[in-house]
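Visitor: can't give you the sequence, but here's the structure:
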């Protein structure tokens, strides 16, 4: 079977992009290899680890479980775009001060998921934060510092 | 971890989808949320010739209620089910179960219909559908037919859906007044696949258990209605003697699968623990309802 391709046009981090992609290529391989957006990481490539999390049409999804061709017409935001808009600048700062990362491999995916939690901030318990982040694996921190960082950011935003 | 080569078609309407299913049969796979299908492709556990992407078929979307019947379109995402007032108001069993379905990013893409069509033995929605007496609407080139949940789940990933049929919607009667539902599952971590689980719908009359439907999942090859256990507790108070009878009967209803998550004996034990917790909770809920 020959490699089947299709042309797609989508908005990535606010910019219109048109490319021809192999239909079997998943979204994060497309972002990384075709566009050089290497902030989205690949861990397990079967939907368990969450390192590939990206925002598609306003919702966080597994970038390894969506084909690039399926994103035709969609609005995709990666960690690069999210950082540029400043939407989670407070969270990123607290991640650094609270040491909520060590190797940093899971961090972009973590931030993409937490961004969804922060978008409509309401009080969430520490258990609730852990449940929300249960689909993002971190092998370094033991999660405690990450939960601290989310809790602090949420409190700050609710105060603000 | 890269998918093998396949053809991809984005379906524009149901008739085109059915024509392609009819043409390609088992060589085709319907791509809905993709949260189970794409992992099997990435791991090369399956190698279909063609994916038929139904994500843009508006006719398969939405959740509605009419004349005591909730309609869940095949493409309703788990996140949509989780935030639906219709589900919260009319199907509290599903509202209780849905936070157990994977994680937020998976719930944003994964679909109710996909879960029913795949019939993963550890999945929550098939068990709820069976407990609630759901009906599945299947459409093929020859027309539509309705299959009761009782007749739909046949075995491990095996259902009454034929390769040329598309699951278009699920119809579930609203839970009537006085109905008590409880959903419980045990998993190693939040959102993981269930080791054992129960979806329970019953009425409590005084302290007696009436019209119970107990469905077990996770341990079995398919969601399993425990008819012996139901008979053993029907019309009785939830006393220690009844609990003993239930424990004995449950061994006749279940045939747990041994796997990495535990032995058959351990899973039977866990299902007995969940049975007690579920009916204890039902009695408490009946008092406070």
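Guide: Thanks, I have the structure now. Everything quoted here is computed from the prediction, not taken from an experiment.
Visitor: Now do the host helix or strand of residue A:76: which elements does it pack against?
Guide: Following DSSP states H and E, one finds residue A:76 within strand A:75-77. Judged by 3 or more C-beta pairs under 8 Å, 6 or more residues apart in numbering or on different chains; DSSP states H and E, strand A:75-77 is in contact with strand A:5-12, strand A:53-56. To be clear about C-beta, it is placed using only N, CA and C from the backbone, and glycine gets the same treatment.
Visitor: Name every strand pairing with the shortest one and say which way it goes.
Guide: This means strand A:53-56. Paired neighbours of strand A:53-56 in the sheet (DSSP bridges): strand A:59-62 (antiparallel), strand A:75-77 (antiparallel).
Visitor: Tell me which of the ones you listed is the most buried.
Guide: strand A:59-62 (a mean of 26; mean count of other C-beta atoms under 10 Å in any protein chain shown).
Visitor: Name the residues that touch that strand?
Guide: Where contact means C-beta atoms under 8 Å, 6 or more residues apart in numbering or on different chains, the residues beyond strand A:59-62 that reach it are A:47, A:50, A:52-55, A:112-113, A:115-116, B:35, B:79, B:104-106, B:108-109.
Visitor: before we move on, the earlier item: so which of the helices and strands packed on strand A:75-77 is the most surrounded?
Guide: strand A:53-56 (a mean of 26).
Visitor: near chain A, which residues of chain B show up?
Guide: Residues of chain B lying near chain A by C-beta under 8 Å from any C-beta of the partner chain: B:1-8, B:10, B:31, B:34-35, B:38-39, B:41-43, B:49, B:51, B:53, B:55, B:79, B:99, B:102-106, B:108-109, B:189-191.
Visitor: For the chain, just list every one of the helices.
Guide: Reading this off chain A. For chain A, the helices defined by DSSP state H cover A:27-29, A:79-85, A:89-97, A:107-119, A:126-132, A:144-159.
Visitor: could you do chain B instead?
Guide: B:14-24, B:37-42, B:78-83, B:85-90, B:92-97, B:104-107, B:112-118, B:124-131, B:149-152, B:227-233, B:240-253, B:264-288.
Visitor: Nearest spatial neighbour of residue A:149, chain-adjacent residues omitted?
Guide: Using C-beta to C-beta, 6 or more residues apart in numbering or on different chains and skipping residues adjacent in sequence, the residue nearest residue A:149 is residue A:100, 4.1 Å away.
Visitor: Please tell me how far that neighbour sits from residue A:43.
Guide: Using C-beta to C-beta, to the nearest Å, we find residue A:100 at a distance of 18 Å from residue A:43.
Visitor: circling back to that earlier point, nearest to residue B:286, out of the helices of chain A?
Guide: Proximity to residue B:286 (C-beta to C-beta) singles out helix A:126-132 among the helices of chain A, at 27.4 Å.
Visitor: quick one on the thing from earlier: kindly reformat the helices and strands packed on strand A:75-77 as a markdown table containing mean pLDDT.
Guide: Shown next, in a markdown table, are these (pLDDT from 0 to 100):
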| stretch | mean pLDDT |
| --- | --- |
| strand A:5-12 | 98 |
| strand A:53-56 | 98 |
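Visitor: can you redo the ones you listed as a markdown table with distance to residue B:161?
Guide: Formatted as a markdown table, those follow (distance: least, C-beta to C-beta, whole Å):
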| stretch | distance to residue B:161 |
| --- | --- |
| strand A:5-12 | 28 |
| strand A:53-56 | 28 |
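Visitor: Of those, give the one that comes closest to residue B:240.
Guide: Going by C-beta to C-beta, the one of those nearest residue B:240 is strand A:53-56, 48.5 Å.
Visitor: Now do that closest one: distance to the chain's middle.
Guide: Distance of strand A:53-56 from the chain centroid (C-alpha atoms, centre = their mean, to the nearest Å) equals 5 Å.
Visitor: contacts for that strand?
Guide: A:27-28, A:31, A:40, A:60-63, A:66, A:71, A:74-79, A:82, A:108-110, A:112-113, A:115-116, A:136, B:105.
Visitor: try 6 Å
Guide: A:40, A:60, A:63, A:74, A:76, A:77, A:78, A:109, A:112, A:113, B:105 (C-beta atoms under 6 Å, 6 or more residues apart in numbering or on different chains).
Visitor: Tell me what the fifth one is bridged to.
Guide: Just to be clear, that refers to residue A:76. According to DSSP bridges, the residues that bridge with residue A:76 are residue A:12, residue A:56.
Visitor: That one contacts residue A:13, doesn't it?
Guide: No: look at residue A:76 against residue A:13 with C-beta atoms under 6 Å: they stay out of range, at 7.4 Å.
Visitor: Count the residues that sit near the residue of chain A found nearest chain B.
Guide: Nearest residue of chain A to chain B (C-beta to the nearest C-beta) works out as residue A:135 at 2.4 Å. Residues within reach of residue A:135, counting by other C-beta atoms under 10 Å in any protein chain shown, total 25.
Visitor: OK, contacts around the closest residue to it other than its chain neighbours?
Guide: Excluding the flanking residues, the one nearest residue A:135 by C-beta to C-beta, 6+ apart is residue B:103, at 2.4 Å. For residue B:103, the contacting residues are A:134, A:135, B:191, by C-beta under 6 Å, 6+ apart.
Visitor: let's see 8 Å
Guide: Residue B:103 neighbours (C-beta under 8 Å, 6+ apart): A:50, A:134, A:135, A:136, B:191.
Visitor: next one: residue B:55
Guide: A:70, B:10, B:31, B:32, B:75.
Visitor: ok so, going back, and of the helices of chain A, who's closest to residue B:183?
Guide: Nearest of those to residue B:183, taken as C-beta to C-beta: helix A:126-132 at 15.8 Å.
Visitor: Show me what that closest one is packed against.
Guide: Using 3+ C-beta pairs under 8 Å, 6+ apart: helix A:126-132 touches helix A:107-119, helix A:144-159.
Visitor: which of these sits most buried?
Guide: Of the helices and strands packed on helix A:126-132, the one with the most neighbours on average (mean count of other C-beta under 10 Å) is helix A:107-119, at a mean of 22.
Visitor: what angle do that helix and helix A:144-159 make?
Guide: 30 degrees (axes from the mean of the first three to the mean of the last three C-alpha atoms, to 10 degrees).
Visitor: Many thanks, I have nothing further to ask.
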